[in-house]
Every structure is written in structure tokens, then in C-alpha cells.
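*Asks:* Coordinates only, no sequence provided:
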Ligand code: G6P
């Protein structure tokens, strides 16, 4: 087992460090000889993909958060409305799904029963289903009409890390594929997006190489009872995922909030010493978004919160307002979740390790939930 962990203390730590490779492998070989993107098992006709008027992503847990991230990109690139639905809620609300709905079943294991049941429900309504799964030949892969594999390699730790990054990457490829097919983007725009994705593994590696400060912070917070996470736009699902990691492996009460929602309730939670992570959007993106989240940092800090900010390198304003800033390399906004989530994974891992917990096998959880 020690050999399988490749010198890391836990599978999760190894898998966090596998992430540059997981993303690079997921991107590799997706362009055919005509310069067109290809699916691994492409059985949905182009005519069908051209006629869809909605995309519904069904998933659970971390995979659902990957879906939430992907929604921003796919809608932006394709102008097709995207819904992301927890698979176990999906079929019980009589969802509007038909032959013009592309259903995306997103799952690491491909064996999550909730997702399988949602997939079957969608198929009964006549919807074409594409699977984005990590496990080759899994039930979801077999039952779907087409498959785009994430190539993260086996994920052993219960808490998902590298599969999350690979799921975002694969869902982005699907979005780019649809944008290309449906003529939403010019070929040079498609090339630019693919080039931006290609740069991400190297940037993720840089985040890994500079993670010691976040580990130090984690060790200093072992006695915390609650940690909050705020994000806006693509930073919102990253906040949700950061909170989930902490709940799963460190057994600390954690919540992720949309930063804009703070004033509508969650700000009442802030009192002296409350740790809050804030994912700050790039100042090079929409300026208003950056300044709004800076205001959120100020608001919680003014009420006594300890503010830990994930910001882009070169964002000089971040340090003026935060107790501590963790920098990630600059990237296009839609690519940034592949970077900003990494310090949060490392934070949860280090905190759980410092508490002496079994990081890879947290209590009450299973890697793959094969019951409804
Ligand atoms: C379980 C795992 C989570 C995972 C979720 C979905 O709850 O503990 O880590 O995100 O299932 O799993 P899937 O294999 O469908 O991605």
C-alpha cells in the first residue's frame, strides 16, 4: 500500500498531487485528424446534438459541484441553457426532459445508484444521455448513449479530488465540442479555449508547489468548530466543494455560500474569530465582480471574521483586506476553478491529518454509494 501511495502519507494527498496529470490526460488525444474534437464512444448523432435546446447535468456530491462549475462555461460558450440537478432529486420532481434535452450523467465511479436511476428516468423520456465517468465500463458508461471518459486514473480516497478536476475538464471539452458543432464559436476561438485548457496542468502544478502556507494555516486551525467559504460566479461552486471536503474528512461544520447571498442571511453567523475563506475573482475579469467580493471580505472582517483569501497572483488589493492571501496563477476566469479549489483540498487534507483522522476512509462515507 505504501508503494501505491507513491511516497505520500495518504491516497488523498497522492491524488491531489496527481491533478496536473489527471487534467493533462483528460485533455490528451481529443482532437481527430480533421482538427475536430471527438468523444470516446460517440453514439449521439450530430443531428441530435444540433437539435437539443437544454442540457441537464445529473450527479451527486463532488461531481454535482463539477457540474455547477461547468454550467458557467457551457452556457457561455454554447448559449444552451444548462441545469444541474442532484440525481436523487431529479426523477421525483417530474422534470421536463425530452428528446431535445441532452442529459449528462457525471460520475467518478459510474456506479452511483442515484445517478443511474436518474439516467434511466431520462432515457425513458427519450433524452439522449452522455456519460462523463472515470471508471471504464462502469454501469453509467454502459447505459449511456455516448461516453467521454475522464482519465484521472483510479481514485482511492473517499473524498474526491483529482476526479473533480478531471470532471470539470471533460465537461468543458463537451461544451467546446457543442460550441464547435453548433457553430457558436469560430475555429480560432475553439483553438484558444483548448490552448487555455492545455496551460492548466502546469498552473495546477505551481499551486501544488506553493502550498506550504495553506498547510501551516490548517495546522493552526485544528480546534476550529466551523469554517465558512464564500465565492461568486465560478468561485461559488468552488466554495461549496471546499466546504464539502472539510465536512467529509475533518468533520468540521462547514458551509459554502454565494458571496452575494451573505447579506441575505449568512452574515449573521459571523462573529469574532470565525474563519472565512473567500475565493476572489480575478481583477482582470469583470471589475465589478472583483470589487463586490472585496466588499464581502471587508464586511466579514469588520464583524471579526478571520479572512483567508484565494486570489490571483498580482492582485495587489487582496492583501490590503485579508488576514492572509493564498495566490494562484493568473488564468481566464472560467479556467480558474481548476486552480482555486486546490488550496482548499490541501487545507482539508492537512487539517484532517493534523487531527489524526483517517483521511482516506472517513467515518460513515463510502467511495461509491450503490444504494438509493
Ligand atoms: C459519494 C462519495 C463522493 C462522491 C459521490 C458521487 O458520496 O463519497 O466523494 O462525490 O459519491 O460519486 P460518483 O462516483 O458518482 O462521482
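*Replies:* In hand now; what should we look at? Not measured: the values here are computed from a predicted model. Numbers count the residues shown, from 1 in each chain.
*Asks:* Would you map the helices across the stretch 101-250 of the chain?
*Replies:* 113-124, 139-143, 162-181, 187-198, 200-209, 212-220, 235-250 (DSSP state H, counting those that start in this stretch).
*Asks:* Of all those, which one comes closest to the ligand?
*Replies:* Ranking these by proximity to the ligand (Cβ to the nearest ligand atom) places helix 113-124 first, at 5.3 Å. Every residue, glycine included, has its C-beta placed from N, CA and C.
*Asks:* And that closest one, what's buried?
*Replies:* By 16 or more other Cβ atoms under 10 Å, the buried positions in helix 113-124 come out as 113-119, 121-123.
*Asks:* Alongside the ligand, which residues does the stretch 101-250 of the chain contribute?
*Replies:* The stretch 101-250 of the chain has residues 107-109, 112, 115, 158-160 near the ligand, with proximity defined as Cβ under 6 Å from any ligand atom.
*Asks:* Could you rerun that using 5 Å?
*Replies:* 107-109, 112, 160 (Cβ under 5 Å from any ligand atom).
*Asks:* can I get the helices of the stretch 101-250 of the chain in TSV with mean pLDDT?
*Replies:* Formatted as TSV, the helices of the stretch 101-250 of the chain follow (pLDDT from 0 to 100):
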stretch	mean pLDDT
helix 113-124	97
helix 139-143	96
helix 162-181	96
helix 187-198	93
helix 200-209	98
helix 212-220	98
helix 235-250	98
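*Asks:* Now distance to residue 40 too, for these, in TSV please.
*Replies:* Formatted as TSV, these follow (distance: least, Cβ to Cβ, whole Å):
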stretch	distance to residue 40
helix 113-124	17
helix 139-143	9
helix 162-181	10
helix 187-198	17
helix 200-209	20
helix 212-220	35
helix 235-250	25
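*Asks:* which residues in the stretch 251-372 of the chain form helices?
*Replies:* Secondary structure of the stretch 251-372 of the chain, counting by DSSP H, counting those that start in this stretch: helices at 287-302, 316-321, 337-354.
*Asks:* What's the mean pLDDT across the longest one?
*Replies:* Taken as a whole, helix 337-354 has an average pLDDT of 98.
*Asks:* Could you number the chain from 39 rather than 1 from now on?
*Replies:* Done: numbering now begins at 39, and the last item shifts to helix 375-392.
*Asks:* quick revisit: and of the helices of the stretch 289-410 of the chain, who's closest to residue 182?
*Replies:* Taking Cβ to Cβ, helix 375-392 is the member of the helices of the stretch 289-410 of the chain nearest to residue 182, at 24.6 Å.
*Asks:* near the ligand, anything from that closest one?
*Replies:* No - applying Cβ under 5 Å from any ligand atom, one finds helix 375-392 separated from the ligand by no less than 12.1 Å.
*Asks:* Show me what that helix is packed up against.
*Replies:* The contact analysis (3 or more Cβ pairs under 8 Å, 6 or more residues apart in numbering; DSSP states H and E) places helix 375-392 against helix 49-55, helix 200-219, helix 238-247, helix 250-258, helix 273-288, strand 313-317, strand 344-350, strand 362-366.
*Asks:* same thing but 7 Å
*Replies:* helix 49-55, helix 200-219, helix 238-247, helix 250-258, helix 273-288, strand 362-366 (3 or more Cβ pairs under 7 Å, 6 or more residues apart in numbering; DSSP states H and E).
*Asks:* To residue 96, which of these lies closest?
*Replies:* Judging the helices and strands packed on helix 375-392 by Cβ to Cβ, what sits closest to residue 96 is helix 200-219, at 12.4 Å.
*Asks:* Might you report the residue contacts of residue 369?
*Replies:* Residues in contact with residue 369, defined by Cβ atoms under 7 Å, 6 or more residues apart in numbering, are 241, 377.
*Asks:* Next, it: phi, psi?
*Replies:* phi -160, psi 160 (degrees, to the nearest 10).
*Asks:* remind me which residues of this structure are low pLDDT?
*Replies:* Within the chain, the ranges that satisfy pLDDT under 70 run 73.
*Asks:* ok so, going back, what's the most buried one of the helices of the stretch 289-410 of the chain?
*Replies:* Burial of the helices of the stretch 289-410 of the chain is given as mean neighbour count (mean count of other Cβ atoms under 10 Å); helix 375-392 ranks first at a mean of 26.
*Asks:* angle of it against strand 362-366?
*Replies:* On the basis of axes from the mean of the first three to the mean of the last three Cα atoms, to 10 degrees, helix 375-392 is oriented at 130 degrees to strand 362-366.
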